[in-house]
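> The following comprises the amino acid sequence and a computationally predicted model.
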Amino acid sequence: MVKIKKNKNKGAEIPTGSMADIAFLLLLFFLVATVIDVDTGIGLVLPEPVEDTDVTPISKERMAALLVNENGDVLLDGKVIAIPQIKENLIERITSKIDVPKKSKLVVSVKTDRKTNYNLYIQSLDQVNGAYAEVRDAYSMQTYGQKFNDLNDEQSRDVKDKIPKIVSLAEPESVK
């Protein structure tokens, strides 16, 4: 009689001893390699709070009223203009107020509706900031022969006194 031997070899096995290590390394790789988009917001420097607030009326010659409505229209002093024209118009008005006393300097009031497109609002603010930057650079070049960012502290303060950036961000109006 012939005896048949049973095969004692089990099938091929995959070693799972280091499976936890591999999963941990993959997890670590994806955590390190993933880029997380972080919104940083708008970099605005707010003035210090003032306890005694007197409302001072501002004349129309001193005020540049910029309104961005919910339809995407941009109005400067009630006239519809394109966003790139904001800078051009403000440069002329800021330049004309360089040699006047501080109480007569231009005030730019930016106002929106609650349903205004956020992108249009930011573009409008960029145009206002660009107008002030361009006027300050031109004045710095004329007076000191350097751009505004290259001036020392004393010269920079002098330019800021001559051309103060006075921007009023008005509360948005409610839309019904």
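On my side now, so go ahead.
> For the closest residue to P84 other than its chain neighbours, give me its contacts.
Closest residue to P84 apart from its sequence neighbours, by Cβ to Cβ, 6 or more residues apart in numbering: Q127 at 7.1 Å. Where you see a C-beta, it was placed from the backbone N, CA and C, and this is true even at glycine. By Cβ atoms under 8 Å, 6 or more residues apart in numbering, the contact set of Q127 is I83, P84, I86, K87, L90.
> neighbouring contacts of the helix or strand where the fourth one lies?
Here K87 sits within helix 83-96, counting by DSSP states H and E. Judged by Cβ under 8 Å, 6+ apart, the contacts made with helix 83-96 from elsewhere in the structure are 64, 66, 74, 76, 81, 106, 108, 120, 123-124, 127-128, 130-132, 134-135, 138, 163.
> Name the residues of it that are buried.
I86, K87, N89, L90, I91, R93, I94, T95 (16 or more other Cβ atoms under 10 Å).
> Can you name the element that comes right after the top helix by length along the chain?
When the chain is parsed with DSSP state H, its longest helix is helix 118-144. Sequence-wise, the next helix or strand downstream of helix 118-144 (DSSP H and E) is helix 153-162.
> thinking again about what came up before, now the angle between helix 83-96 and the longest helix of the chain, please.
Here helix 118-144 points in a direction 30 degrees away from that of helix 83-96 (axes from the mean of the first three to the mean of the last three Cα atoms, to 10 degrees).
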